[in-house]
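# With the sequence up front, the predicted model follows.
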Amino acid sequence: MNPSIKMPPQVAWDSGSLSGAPLMQKTTHLGDLNGIFADDEAWRGGDPALAVYRVEMLDTPSGDGELYTGVTHLNPGRVGNEFFMTRGHFHARREQGEVYFGLRGEGLLLLQAENGQTRLERVQPGSIHIIPGLTAHRLINTGHDILSALAVWPSIAGHDYAALSGGFALRVTTDILKLMAKEVQNG
Ligand SMILES: O=P(O)(O)OC[C@H]1O[C@](O)(CO)[C@@H](O)[C@@H]1O
Ligand SMILES: [Fe+2]
């Protein structure tokens, strides 16, 4: 018998769109992000129905050893002077890591250790981000276009949002971004 060749799901590298397999989708609107942005007044003044980010995921099995694959499409925008970002989370199973790949747009991946120490990685088409266990993660769109990043993570990882109810220790605003650009220029 001839071996058969299966067509796997596809990601369109330019748009980040997934196809060729059953998908799941979730859109997070500005109104869902109460308490996430520093400027509460600016958040209240925004349109709660505005889409901030959309996650499309392959509808694949869960359980020990299974991996999830998804693409986050984060719109450009700001609340006050803070850039649009994902809610951000630790994994409920803290030791579980994750890999992100930048597909389009430009932004930052904010990483935070359990002791509150933060670091930033530049996200751009082709960038690879190894998020180790015990590390909270959030995508931030600092550009003018949609920021899309592919993520692969263990299905057992889960999400812990409560551990970050006080917010991440670093906020990326227009002012901070200008400061960081200056530091890069000055070496
Ligand atoms: O759960 P948050 O912080 O809204 O971020 C969503 C993104 O994070 C993931 O959980 C992957 O870490 C995906 O569901 C999605 O890519
Ligand atoms: Fe995650």
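Structure's in. What do you need? Numbers count the residues shown, from 1 in each chain. Ligands and ions are numbered 1, 2, ... in the order given.

# For the residue positioned nearest the centre of the chain, list each beta-bridge partner.
Nearest to the mean C-alpha position of the chain, by C-alpha atoms, centre = their mean, lies residue 139 at 3.6 Å. Beta bridges link residue 139 to residue 109 when assigned by DSSP bridges.

# my guess is it contacts residue 146, does it?
No. Using C-beta atoms under 8 Å, residue 139 is not in contact with residue 146; the gap is 11.4 Å. Where you see a C-beta, it was placed from the backbone N, CA and C, and this is true even at glycine.

# Now do the helix or strand of the chain with the lowest mean pLDDT: everything it contacts.
Across the helices and strands of the chain, mean pLDDT, DSSP states H and E gives its lowest value to helix 174-185, namely a mean of 87. With contact meaning C-beta atoms under 8 Å, 6 or more residues apart in numbering, helix 174-185 is reached by 78, 81, 83, 120, 142.

# Can you list the buried residues in stretch 8-21?
Using 16 or more other C-beta atoms under 10 Å as the burial criterion, the residues of stretch 8-21 that qualify are 11, 16, 18.

# for residue 138, what are its contacts?
Neighbouring residues of residue 138 by C-beta under 8 Å, 6+ apart: 85-89, 109-110, 168.

# if I look at the spatially closest residue to it that is not a sequence neighbour, how far off is residue 165?
Excluding its sequence neighbours, the residue lying closest to residue 138 (C-beta to C-beta, 6 or more residues apart in numbering) is residue 88, at 3.0 Å. Going from residue 88 to residue 165 by C-beta to C-beta, to the nearest Å gives 11 Å.

# Counting neighbours, go ahead and name the busier of the two.
Neighbour count, other C-beta atoms under 10 Å: between residue 88 and residue 165, residue 88 has more, with 19 against 7.

# OK, contacts around that one?
110, 136-138, 161, 164, 168.

# Strands - which of these land there?
110, 136-138 (DSSP state E).

# Closest to residue 97 out of those?
Nearest to residue 97 among the ones in strands among the contacts of residue 88: residue 137, at 9.7 Å, using C-beta to C-beta.

# Who are the contact partners of the nearest residue to that closest one once chain neighbours are set aside?
Using C-beta to C-beta, 6+ apart and skipping the chain neighbours, the partner closest in space to residue 137 is residue 131 (5.1 Å). Residues near residue 131 by C-beta under 8 Å, 6+ apart: 97-100, 109, 111, 137.

# I would like a PyMOL command selecting only the buried ones among those residues, please.
Of these, the buried ones can be selected in PyMOL as follows, counting by 16+ other C-beta under 10 Å:
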select buried, resi 97+98+100+109+111+137
